[in-house]
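> Any chance you could fold what I've pasted below:
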Amino acid sequence: MEQFESFKASRLYCRRCAKSMPVRERLLLILPDKDLYEYLCTGCGDSLGEREVSLAERRHAARQAGLRTPRVRHRR
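Numbering: from 1, shown residues only. Prediction:
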């Protein structure tokens, strides 16, 4: 199923905070074939995980975003 190919975390368990915390995603590195992201706890700033996004996934996401964008027609 295409809808479950890549996930983006919104909350992860933080050991320092001792509970599930909201996270923000920070871009670590841009490589020719993928991007590396780090998940940071919004409470204490600890790194809670990483995510890799391949070039193919980026293209697919851009294509999907393009399909969702409504087109505006201008009247002449």
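
> And Thr42, how far from Arg15?
Here Thr42 is placed at a distance of 15 Å from Arg15 (C-beta to C-beta, to the nearest Å). Where you see a C-beta, it was placed from the backbone N, CA and C, and this is true even at glycine.

> do Glu52 as well
Counting by C-beta to C-beta, the gap from Glu52 to Arg15 is 23 Å.

> do Gly45 as well
13 Å.

> Please apply the same query to Asp35.
Taking C-beta to C-beta, one finds Asp35 at 26 Å from Arg15.

> Between these two, point out the one with more neighbours.
Comparing Asp35 with Arg15 by other C-beta atoms under 10 Å, the one with more neighbours is Asp35, at 16 against 10.

> residues making contact with the longest strand anywhere in the chain?
Longest strand in the chain, counting residues (DSSP state E): strand 19-30. Contacts with strand 19-30, where a contact means C-beta atoms under 8 Å, 6 or more residues apart in numbering, come from 8-14, 35-44, 48-51.

> Of all the helices and strands in the chain, which has the lowest average confidence?
Lowest on mean pLDDT, DSSP states H and E among the helices and strands of the chain sits helix 55-68, with a mean of 74.

> CA atoms only: put that one into CSV for me.
Extracted C-alpha coordinates of helix 55-68, given in CSV (Å, rounded to 0.1, in the frame of the first residue of the first chain):
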residue,chain,number,x,y,z
LEU,A,55,15.1,10.9,-3.9
ALA,A,56,12.3,8.7,-5.2
GLU,A,57,10.2,9.5,-2.1
ARG,A,58,10.8,13.2,-2.5
ARG,A,59,9.7,13.1,-6.1
HIS,A,60,6.6,11.0,-5.2
ALA,A,61,5.7,13.5,-2.5
ALA,A,62,6.1,16.4,-4.8
ARG,A,63,4.0,14.7,-7.4
GLN,A,64,1.2,14.0,-4.8
ALA,A,65,1.4,17.6,-3.5
GLY,A,66,0.9,18.8,-7.1
LEU,A,67,-2.2,16.7,-7.5
ARG,A,68,-3.7,18.0,-4.4
